[in-house]
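> need a structure here:
(chains A and B, ligands or ions: 3)
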Amino acid sequence: MNEFQEKNSDEIRQILAKYPPEYKRSAVMPLLHIAQRRKGYVSPDDIRNIAEILDISSTDVASVSGFYTLFHEEEGGRYRIQICTDLPCALRGAETFLQSVCAELGVAPGETTSDGFFTVEEVKCLAACHRAPVLQVQGEDEIIYHENQTLETFRTLIEDLRRHGQAQKEGA
Amino acid sequence: MSQYILLRHRDTPNLHTLDGYQASGGFAAFQKAVTTMKPEEVLQEVKDSGLRERGGAGFPTGIKWSFLPDKIWPHYVVANADESEPGTFKDRELLEENPFQFLEGLMLACYAVQANLGYVYLRGEFWQISEQIDGCIAALESAGLLGENLFGGNYKLSLHTHLGAGAYICGEETALLESIEGHLGQPRLRPPFPATSGLFNKPTVINNVETLANVPPIVEHGAAWYHTFGTEKSPGTKIFSLSGNINKPGNYELPLGTPFRELIYGHGGGIPGGRGVKAIMAAGASSTLILADDKALDTPMDYESTLQELGAPLGSASVIVVDDAVNIGWLVKKTANFFKHESCGKCTPCREGTYWMDHITQRLIEGEASLQDVDLLYNVATQMQGRNLCALGEFSTMAVTSGIEKFRDDFEALVKK
Ligand SMILES: Cc1cc2nc3c(=O)[nH]c(=O)nc-3n(C[C@H](O)[C@H](O)[C@H](O)COP(=O)(O)O)c2cc1C
Ligand code: SF4
Ligand code: FES
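Residues are numbered from 1 along each chain as shown, chains lettered A, B, ... in the order given. Ligands and ions are numbered 1, 2, ... in the order given. This is a model prediction of the structure:
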């Protein structure tokens, strides 16, 4: 039993029970989700451990991880601020909103703030087009939507996240 | 319309809880089906209702179910909750606010094709919703509505969620199956079709969330009742996701056959700033652009009329309104970039074509393109058509060709002077 399996044994057992035993490989995305949530990215160790649990090659796991945009192979900011700039949102001012968010945080899209807290990313439609501008925060353990954003609500949001993240850091 | 078939949570409190849903008659249809109807009778009722796919294709749901062979077992049903088409947010409202009606529909579909196992495939961004649906499934197990020996008989049923991780292509049904099986989300060659060889190589039905949410009321009230809504060939109501340049964006459940004008100017409250509507996209980013003249505004939104009268499929009925301040060249740049990002790369025409359409439209909006580039863009799109493994490749060309055909001036205004 590898370290990943030990730490998440209950959850892994529940996941494997969802699929026919001869299609164990189906669990690859759920297991990648666990890894992604724990650390905010999927590490080479995670890839090896998941491959071992599912009896497939590390290359197979890595290619699945690489295909899907919510799995990240590199450590980013602690919170990924993902702003939708797809067509319906863009018609409602999302591109201007992205610019003001970037100005506020002093980064360009794709970059991470110097304190390591936030990475700003542009994403495609989040199924929230009627509440543009909209963003999701991909943090540790969760993906949360924030809708009908203004620069003001955004400022409050990042203050909250900073406080929360700081408290966790100190607690750890 | 004051009476909802699908968005019933808007006037029924607590519908998102099992108690609330049961208090308003929930699971009566499932109980009636399992205890008093044969699976083929449920299937026949859905066939007679004329319910058509709400995921985009408009194919009759009951007929799709009847394609499953009765010599190969087990059968599976997969609910498609990938909802990623730009401009579409209807399944999300159902999943969040009226999840049990959707799940009851999925359970009825399972019973109708005699599946004992069903999956709900959710886009990865619906992480919170997936936790909520897991909670609903657990509540159904505790209440004895899922599990072994349902209602004292010998039918058994389990449901599981499977979370995607950010890939529009996984909404395509065979890519979705690949994704559940732990592979890259890339479409399969057909045949075989999922009805004979789908999930885990077994006969599989794949249905959209909204399609399934229609099934409990159909089984409860009957096919004849369902035909009292909508048109003869497109019966029932449809949730229209209205977005873009519109005063009141949101989901509107209306009978199929409602004209665009009523949706945009009645329910949607018209265009901000009193501007005019220039174009309509009826099927999200995959739309053929509709020139919004009087004829278009008076066209009924149903599966036949929009296609026959306007040459534009209704698709998922994600209506994006574009006002007269928007340059269509810019708009096409947005859709081209979306499809370049989402092409799965399995076949060359789509992989290369989406790359070039994105590249040329980028040059166009930067003022670096020439008139010849506009023709080149049009050629790239038409050369892709009919050469793609799945519909994404076709979808990616729709706004490009219809945009240049109907709004060429906008493109010419952007070229290098
Ligand atoms: C590129 C592409 C994306 C699609 N995305 C979705 C989607 O997000 N949700 C959906 O229900 N159907 C989607 N579809 C349609 C599905 O392939 C399939 O037809 C549908 O899930 C069948 O369900 P229905 O019969 O209830 O409509 C998509 C199709 C294509 C080609
Ligand atoms: S058409 Fe595009 S999305 Fe579809 S299989 Fe080919 S490359 Fe993939
Ligand atoms: S376009 Fe932004 S949520 Fe749909």
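> in chain A, where is pLDDT below threshold?
Low-confidence segments of chain A (pLDDT under 70): A:171-172.
> tell me the helix or strand right after the host helix or strand of residue B:92.
When elements are assigned from DSSP states H and E, residue B:92 belongs to helix B:90-97. The C-terminal neighbour of helix B:90-97 among helices and strands, as given by DSSP H and E, is helix B:99-112.
> output that next one as CSV, restricted to C-alpha atoms.
C-alpha atoms of helix B:99-112 as CSV (Å, rounded to 0.1, in the frame of the first residue of the first chain):
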residue,chain,number,x,y,z
PRO,B,99,-32.5,17.5,-8.3
PHE,B,100,-35.0,14.8,-7.3
GLN,B,101,-37.1,15.3,-10.4
PHE,B,102,-34.1,14.8,-12.5
LEU,B,103,-33.0,11.8,-10.5
GLU,B,104,-36.5,10.3,-10.6
GLY,B,105,-36.4,10.7,-14.4
LEU,B,106,-33.0,8.9,-14.5
MET,B,107,-34.5,6.1,-12.4
LEU,B,108,-37.5,5.8,-14.7
ALA,B,109,-35.1,5.6,-17.7
CYS,B,110,-33.2,2.9,-15.9
TYR,B,111,-36.4,1.0,-15.2
ALA,B,112,-37.6,1.4,-18.8
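> ok now it, how far from the chain's centre?
17 Å (C-alpha atoms, centre = their mean, to the nearest Å).
> what's the angle from that helix to helix B:90-97?
Relative orientation of helix B:99-112 versus helix B:90-97 (axes from the mean of the first three to the mean of the last three C-alpha atoms, to 10 degrees): 110 degrees.
> mean confidence (pLDDT) on helix B:99-112, please.
The pLDDT scores in helix B:99-112 average 98.
> try stretch B:226-241
Across stretch B:226-241, pLDDT averages out at 96.
> that stretch near chain A anywhere?
Yes: using C-beta under 8 Å from any C-beta of the partner chain, stretch B:226-241 reaches chain A at residue B:241. (Each C-beta comes from the backbone N, C-alpha and C, glycine too.)
> show me which residues of that stretch are buried.
Neighbour-count burial for stretch B:226-241 flags B:226, B:229-231, B:234-241 (criterion: 16 or more other C-beta atoms under 10 Å in any protein chain shown).
> circling back to that earlier point, does the helix holding residue B:92 reach ligand 1?
No: Helix B:90-97 lies out of reach of ligand 1 by C-beta under 6 Å from any ligand atom, never closer than 7.0 Å.
> CA atoms only for that helix, dumped as PDB, please.
Written as PDB, here are the backbone C-alpha positions of helix B:90-97 (Å, rounded to 0.1, in the frame of the first residue of the first chain):
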ATOM      1  CA  LYS B  90     -30.400  25.300 -17.600                       C
ATOM      2  CA  ASP B  91     -29.200  21.800 -16.400                       C
ATOM      3  CA  ARG B  92     -27.400  23.500 -13.600                       C
ATOM      4  CA  GLU B  93     -30.600  25.200 -12.300                       C
ATOM      5  CA  LEU B  94     -32.400  21.800 -12.400                       C
ATOM      6  CA  LEU B  95     -29.600  20.000 -10.600                       C
ATOM      7  CA  GLU B  96     -29.300  22.700  -7.900                       C
ATOM      8  CA  GLU B  97     -33.000  23.400  -7.300                       C
END
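> does that helix reach ligand 3?
No: contact of helix B:90-97 with ligand 3 (C-beta under 6 Å from any ligand atom) is absent, the minimum separation being 9.9 Å.
> need the buried residues of stretch B:226-241 in a markdown table (columns: distance to residue B:145).
Shown next, in a markdown table, are those (distance: C-beta to C-beta, whole Å):
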| residue | distance to residue B:145 |
| --- | --- |
| B:226 | 24 |
| B:229 | 28 |
| B:230 | 30 |
| B:231 | 35 |
| B:234 | 32 |
| B:235 | 28 |
| B:236 | 25 |
| B:237 | 26 |
| B:238 | 28 |
| B:239 | 25 |
| B:240 | 31 |
| B:241 | 30 |
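> most widely separated two among these?
Distance extremes for these: the farthest pair is B:226 and B:241 at 21.9 Å, using C-beta to C-beta.
> in three-state terms, label residue B:48 for me.
The local conformation at residue B:48, judged by DSSP: H, G, I helix; E, B strand; the rest coil, is helix.
> if we ignore the residues flanking it in sequence, what's nearest it?
residue B:223 (3.6 Å; C-beta to C-beta, 6 or more residues apart in numbering or on different chains).
> how far does stretch B:360-375 sit from the chain's center?
33 Å.
> same question, stretch A:113-133
Offset of stretch A:113-133 from its chain centre (C-alpha atoms, centre = their mean): 11 Å.
> one more: stretch B:109-129?
15 Å.
> ends of that stretch, what's the gap?
The first and final residues of stretch B:109-129 sit 21 Å from each other (C-alpha to C-alpha, to the nearest Å).
> quick one: contacts for the spatially closest residue to residue B:184 that is not a sequence neighbour?
Spatial nearest neighbour of residue B:184, chain neighbours left out: residue A:67 (4.5 Å); criterion: C-beta to C-beta, 6+ apart. Going by C-beta atoms under 8 Å, 6 or more residues apart in numbering or on different chains, residue A:67 touches B:167, B:184-185.
> does stretch B:45-54 come close to ligand 1?
Yes: applying C-beta under 6 Å from any ligand atom, one finds stretch B:45-54 in contact with ligand 1 at B:53-54.
> in that stretch, which residues are buried?
For stretch B:45-54, by 16+ other C-beta under 10 Å, it's B:45-47, B:49-54.
> for residue 8, give me phi and psi.
Here I'm looking at chain A. phi -120, psi 30 (degrees, to the nearest 10).
> contact partners for the closest residue to it other than its chain neighbours?
Excluding the flanking residues, the one nearest residue A:8 by C-beta to C-beta, 6+ apart is residue A:34, at 5.5 Å. Going by C-beta under 8 Å, 6+ apart, residue A:34 touches A:8, A:11-12.
> just the buried members of those residues?
A:8, A:12.
> what about residue A:17, how many residues nearby?
11 (other C-beta atoms under 10 Å in any protein chain shown).
> scratch that, residue B:26
Residue B:26 has 24 nearby residues by other C-beta under 10 Å.
> before we move on, what about residue B:404?
By other C-beta under 10 Å, neighbour count at residue B:404 equals 22.
> element containing it?
helix B:391-406.
> quick check: closest non-adjacent residue to the residue of the stretch 151-300 of chain B found nearest ligand 1.
Across the stretch 151-300 of chain B, no residue is closer to ligand 1 than residue B:171, which sits at 2.2 Å (C-beta to the nearest ligand atom). Nearest residue to residue B:171, sequence neighbours excluded (C-beta to C-beta, 6+ apart): residue B:82, at 3.8 Å.
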